[in-house]
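Enquirer: Sequence unavailable; structure follows:
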């Protein structure tokens, strides 16, 4: 498992951690240290000068490394049945589960029933897409990007 460092206090944290055990702050919430190597950083720094990793929150727009709730929501609405929004957010396990469920249900329904009904995973994708779009930017980042909440 790769090491990760708290962006608030610079202490090593588990990459899955919701909060740093040393300071109690979400590990990627602040901008004081590089999350990859623990080197001190400036608030507006886009890249770590020691290890070269992109720092989420440094810079703006597409280069900041942050996930867009609009992109995630649109992927959920248009391609949610195959887990595209989950792949985008980095939820590989959940995305593969949705993709496999969609493929199995499509094959079984086509062979057994003779037509393609609406898949449950499509409905889940639509619901999650709507949820992502209706959240505030801060709430979306806290729950789905930093908190890594896999379902709804």
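Expert: That came in fine, so what should we check first? Since the model is a prediction, treat every value here as computed from it, not as a measurement.
Enquirer: so what pLDDT did residue 59 get?
Expert: Model confidence at residue 59, given as pLDDT, is 39.
Enquirer: who touches the most centrally placed residue in the chain in this structure?
Expert: Central residue of the chain (CA atoms, centre = their mean): residue 89, 3.0 Å from the mean position. Shown in contact with residue 89 (CB atoms under 8 Å, 6 or more residues apart in numbering): 67, 72, 144-145. Quick note: C-beta positions are derived from backbone N, CA and C, even for glycine.
Enquirer: where in the protein is pLDDT low?
Expert: Low-confidence segments of the chain (pLDDT under 70): 1-2, 56-65, 114-119, 152.
Enquirer: Okay, helices next: where are they in it?
Expert: With DSSP state H as the criterion, the chain has helices at 69-79, 84-89, 92-108, 120-134, 137-140.
Enquirer: Check which helices and strands the shortest one sits against.
Expert: By that I understand helix 137-140. On a contact count with 3 or more CB pairs under 8 Å, 6 or more residues apart in numbering; DSSP states H and E, helix 137-140 meets helix 69-79.
Enquirer: In the helix it packs on, which residues are buried?
Expert: Within helix 69-79, the residues scored as buried using 16 or more other CB atoms under 10 Å are 69, 72-77, 79.
Enquirer: One more: stretch 132-139?
Expert: Within stretch 132-139, the residues scored as buried using 16+ other CB under 10 Å are 132, 135.
Enquirer: Any idea how far apart the tips of that stretch sit?
Expert: Counting by CA to CA, to the nearest Å, you get 9 Å between the two ends of stretch 132-139.
Enquirer: do the same with stretch 135-143
Expert: Taking CA to CA, stretch 135-143 runs 10 Å from one end to the other.
Enquirer: ok, residues contacting that stretch?
Expert: Outside stretch 135-143, the residues that touch it by CB under 8 Å, 6+ apart are 26, 66-67, 69, 72, 132, 144, 149.
Enquirer: how far out from the middle of the chain is that stretch?
Expert: For stretch 135-143, the separation from the chain centroid amounts to 11 Å (computed by CA atoms, centre = their mean, to the nearest Å).
Enquirer: Same check on stretch 40-50?
Expert: From the chain centre to the centre of stretch 40-50 is a distance of 22 Å (CA atoms, centre = their mean).
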